[in-house]
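**Student:** From the sequence below, what's the structure:
(one chain, ligands or ions: 1)
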Amino acid sequence: MHSVYWIIAVLLAVGSSEICYAGPLHAQCKVEWYFGIPCQAVYESLVSQIKKWETMASCTMGGEKCLYKLHSASVHFISAKHTTPFKKNVYDINFRLVSFHFYTCCHVSGMSISETWYAIKDHGTNYCNLYNLIEGSGLTESRGYKEVTSDFLCTQRSSANCTVY
Ligand SMILES: *[C@@H]1O[C@H](CO)[C@@H](O)[C@H](O)[C@H]1NC(C)=O
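**Tutor:** This next block holds a predicted model:
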């Protein structure tokens, strides 16, 4: 009887340590952004940028700043998909917007994840999916702009070249 418990305990320990050390299984990315402008303005910038980059036209000079598709949008939550123009990989992206300092500032949590479960290395594509929208809409130049992320939160973040991906 005791040996059964012992085996279960070992299995649980092995299982949980694998979860802890493996890092993200999918290539994915989570970024926190802070802006010194109201969420309404951030929301309008992001939605209009997604719409500007809906067609293949914005990729004729290269890069992957095209084929975004808005799924749903409110001032609290924006959800979209991004398809890469050549490999046709599909990514789910979303932004959660939370006001702070009496609605004068906005905290945005961005998330991108590949729909393909085996895409573990992504050359920073998940990061660029999000960053290109923030940069393209001019939000990187806005008052109080601050970004918080890491290579753990974003697969291959530090080697990402968002001109290419
Ligand atoms: C990113 O890629 C572009 C196009 O290939 C290149 O011109 C640029 O130098 C690269 N940037 C970095 C930081 O590697």
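**Student:** excluding its backbone neighbours, what's nearest the residue in the chain that the ligand sits nearest to?
**Tutor:** Nearest residue of the chain to the ligand, counting by Cβ to the nearest ligand atom: N161, 3.7 Å away. The way it works is simple: take the backbone N, C-alpha and C, and place the C-beta from them, glycine included. Spatially, and ignoring its direct neighbours in sequence, N161 is nearest to G124 (6.9 Å; Cβ to Cβ, 6 or more residues apart in numbering).
**Student:** cool, E54 as well?
**Tutor:** Leaving aside its chain neighbours, E54 sits nearest to Y68 (6.0 Å; criterion: Cβ to Cβ, 6+ apart).
**Student:** Isn't P38 up against H101?
**Tutor:** No - taking contacts as Cβ atoms under 8 Å, P38 lies outside contact range of H101: 9.8 Å.
**Student:** Show me which residues of this protein sit near the ligand.
**Tutor:** Listed as neighbours of the ligand in the chain under the rule Cβ under 6 Å from any ligand atom: N161, T163, V164.
**Student:** how about the nearest residue to the last one once chain neighbours are set aside, what does it touch?
**Tutor:** Computed as Cβ to Cβ, 6+ apart, the closest residue to V164 that is not its neighbour in sequence is G63, at 6.5 Å. Applying Cβ atoms under 8 Å, 6 or more residues apart in numbering to G63 gives the contacts T163, V164, Y165.
**Student:** Quick one: the helices in this protein, in order.
**Tutor:** Secondary structure of the chain by DSSP state H: the helices cover 2-22, 39-52, 125-136.
**Student:** Okay, buried residues for the shortest one please.
**Tutor:** Within helix 125-136, the residues that qualify as buried are T125, N126, Y127, C128, N129, L130, Y131, N132, L133, I134, G136, counting by 16 or more other Cβ atoms under 10 Å.
**Student:** Show me what it packs onto, helices and strands only.
**Tutor:** Where contact means 3 or more Cβ pairs under 8 Å, 6 or more residues apart in numbering; DSSP states H and E, helix 125-136 is packed against strand 28-35, helix 39-52, strand 90-100, strand 105-114.
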